[in-house]
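Engineer: With the input below, show me the fold.
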Amino acid sequence: MRLKEFSQACENNKNPILNALKKYFLDVSKVLEVGSGTGQHAMYFADQLNWLTWQPTEIKGRLSILQDNCKLSSRDNLCSPLVLNIFEPWRKMQLDAVFSANTLHIVPVAGIEAIFSGIAPNISSGFRIAIYGPFKYEGEYTSESNATFDKWLRSQNLDSGIRDFELVNQKARNVGLKLIEDCVMPANNQLLVFGA
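Structural biologist: Presented below is the predicted three-dimensional model:
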């Protein structure tokens, strides 16, 4: 299988994330992935979590890469990728879970609220959202490498940067979600799992 574009980070973190999703996505059926990138997570999780229907999404400018890669999968439970601009009205979708990896430190801070506002109409009992990436706690980095990474992110785009856990937690609470678990992941990352 030759991908049009490949992410080593996705390859490195897919199994630790999978182990958590097996636990927290056990009772959900339709997952929307926000910012699917190369589609490696989408293809792998659709294959390994075969009771789920997995809906990958990406911004318009990167959709063709995601589409080309996802065509390499033969899984019936992997949906055709959709365009999703988190700042525009979200199309109506039936879903009971959301997954996103390495997006919150790329989008501006307003994007965090946009994501939670976008999923709010779907939230009901049993709903789950799992967010993977690096976070700060009480303003402090979890490692020197994350501090260096944050400085690099901001040098590329002033709207980017590692986000405070407390901010993300509050945005989740604002739409009726509560933290179920903050899972420690390899390479100084976390998987925040919220539920209704």
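Engineer: which stretches of this structure form helices?
Structural biologist: 8-24, 40-48, 63-70, 109-119, 144-156, 165-174 (DSSP state H).
Engineer: Give me the contacts around stretch 16-24.
Structural biologist: Stretch 16-24 has contacts (Cβ atoms under 8 Å, 6 or more residues apart in numbering) with 41, 44-45, 48-49, 99, 101, 128, 130, 132, 180-181, 183, 185-186, 191, 193, 195. In this view, the C-beta of every residue, glycine as well, is placed from N, C-alpha and C.
Engineer: That one: which residues count as buried?
Structural biologist: Neighbour-count burial for stretch 16-24, counted by 16 or more other Cβ atoms under 10 Å, picks out 16-18, 20-21, 24.
Engineer: Turn those residues into a markdown table, columns for pLDDT and distance to residue 83.
Structural biologist: Below are the buried residues of stretch 16-24 laid out as a markdown table (pLDDT from 0 to 100; distance: Cβ to Cβ, whole Å):
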| residue | pLDDT | distance to residue 83 |
| --- | --- | --- |
| 16 | 91 | 29 |
| 17 | 92 | 24 |
| 18 | 92 | 26 |
| 20 | 92 | 28 |
| 21 | 94 | 24 |
| 24 | 94 | 27 |
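Engineer: who are the neighbours in contact with the closest residue to residue 115 other than its chain neighbours?
Structural biologist: Using Cβ to Cβ, 6 or more residues apart in numbering and skipping residues adjacent in sequence, the residue nearest residue 115 is residue 86, 5.5 Å away. Residue 86 makes contact with 34, 107, 111, 114-115, 118 under the criterion Cβ under 8 Å, 6+ apart.
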